[in-house]
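Asker: Provided below for reference: sequence and predicted model.
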Amino acid sequence: MTWPQERARFPVLDRHAYLNAGTFGPLARTTLAAMAELRAWEGEHGRGGRAYFDEMLERRERVRELLATQIRAPAENVALTDSTTQGVHVVVSGLALGEGDEVATTDAEHFGLTGPLLAAGARLRIAKVRQAKTADVFELIRAQVTPRTRLIAISAISWLDGKVFPWRELREATQVPVLVDGAQSVGSCDVDATAADFYTVSAQKWLCGPDATGALYVRDPDSLRPRLVAYPGAETYDIAEGTWEPKAGARRFDTMFAPASSLAGLETALTGLPDGRFEHARELSERCRRLLLERGHDVVTEPGQGNLVSIRFPGDTAEAALALYERGVILRELAGTGLLRASVGWWNDDADLDRLAEGLTALTKR
Ligand SMILES: Cc1ncc(COP(=O)(O)O)c(C=O)c1O
């Protein structure tokens, strides 16, 4: 298939310059159809019966394999979650992080990572990297690692401006376990999670999956205690005796039975992803940066980072995002930062970028 044919799989792109995969990816027609078909079946035949349940369990394992492939990890090390946030909770609770435990992190994280760390009562040492150059980020984070640090918890790619964070190098240099927030990396670029101790996946974003789907990579499942436990994580249990056996590997960390229709949608979304998609998205992102710079916008994203292109907007970003939306350009305003963020995926094209640039120029001239 050509890129225009790939693009045509997403109905939203018929009308909109959709640049919002950092929040929610576009949904393909096939993904929507798979979900609708299963929902209709459930309505007609009921969410029950042996065949229905068996098929759902088998699909879970196929989806686990597909998600594992996305991060080049064995399926045995991948748990199914509903989000990055939930994956972080599994790790934070499993490590029993609490008062007195130091965690090195940054001021450019999403609340989905920082929130669970704060709720656990961990002592955060926060590297100030928001305004820093990418080249300085390693030293800034390393400076927050002390002999008491139990965990380094950072993004693979910052949600604010696409900065790539050096989690692998930090792991090597400090030997401290690393929890990587992969919300903005998985599906947007080639990911190998296996050097991390823990790596989260948000499948609703760059993988174009249904809402509330995700995964967690755990390198050594036996070393993390399952605490956020749920029915699919149990191999056996005895309520009367008050005992249970967790499943082998990372399956013990499965946090829920995702809706069968969501699994069907996710399986479809992850099947037949085009070769060359990461390179294509990279080229488009660089073009987006150049275009916005040429038009005089204050682009804060450095070259060669993730596929998020952020600009500092001289005005009310909420109003700007709304005005762009009315022109059919869908992006994200990052409340409280003065930034507008365009997420550039392999489904976008030059015309989307032109519409973004024209829309922004029209707004700044008002
Ligand atoms: C870097 C980052 N981490 C975490 C999250 C939260 O993701 P989820 O909704 O999958 O928990 C987001 C969502 O925007 C994000 O950008």
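Answerer: Okay, I see it. Residues are numbered from 1 along each chain as shown.
Asker: Could you find the closest non-adjacent residue to Leu291?
Answerer: Closest residue to Leu291 apart from its sequence neighbours, by CB to CB, 6 or more residues apart in numbering: Ala357 at 4.9 Å. For glycine as for every other residue, the C-beta is placed from the backbone atoms N, C-alpha and C.
Asker: ok, now which ones touch the one you found?
Answerer: Taking CB atoms under 8 Å, 6 or more residues apart in numbering as the criterion, Ala357 is in contact with Leu291, Leu292, Arg295, His297.
Asker: Tell me how many other residues crowd the closest residue to Thr213 other than its chain neighbours.
Answerer: Distance criterion CB to CB, 6+ apart; nearest residue to Thr213, sequence neighbours excluded, is Ala203 at 4.0 Å. Residues near Ala203, counting by other CB atoms under 10 Å, number 33.
Asker: Look up how far Leu151 lies from Ala203.
Answerer: 24 Å (CB to CB, to the nearest Å).
Asker: Where does the residue nearest to Leu291 sit: helix, strand or coil?
Answerer: Here Ala357 is recorded as helix under DSSP: H, G, I helix; E, B strand; the rest coil.
Asker: who in the protein is up against the ligand?
Answerer: Applying CB under 6 Å from any ligand atom, we find that the chain lies next to the ligand at 23, 83-85, 110, 112-113, 155, 159, 181, 183-184, 202, 214.
Asker: between the residues you listed, which has the most around it?
Answerer: Most surrounded of the residues of the chain next to the ligand: other CB under 10 Å gives Ser202, at 32 neighbours.
Asker: For that residue, give its distance to Asp14.
Answerer: Ser202 is 25 Å from Asp14, by CB to CB.
Asker: Now secondary structure, distance to Ala36 and neighbour count too, for the contacts of Ala357, in CSV please.
Answerer: Formatted as CSV, the contacts of Ala357 follow (DSSP: H, G, I helix; E, B strand; the rest coil; distance: CB to CB, whole Å; neighbours: other CB atoms under 10 Å):
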residue, secondary structure, distance to Ala36, neighbour count
Leu291, helix, 37, 19
Leu292, helix, 37, 23
Arg295, coil, 41, 15
His297, coil, 40, 21
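Asker: Closest one to the ligand out of the residues you listed, please.
Answerer: Leu292 (20.7 Å; CB to the nearest ligand atom).
Asker: How about the backbone phi and psi for the nearest residue to the closest one once chain neighbours are set aside?
Answerer: Nearest residue to Leu292, sequence neighbours excluded (CB to CB, 6+ apart): Val299, at 5.1 Å. Main-chain dihedrals, Val299, degrees, to the nearest 10: phi -80, psi 120.
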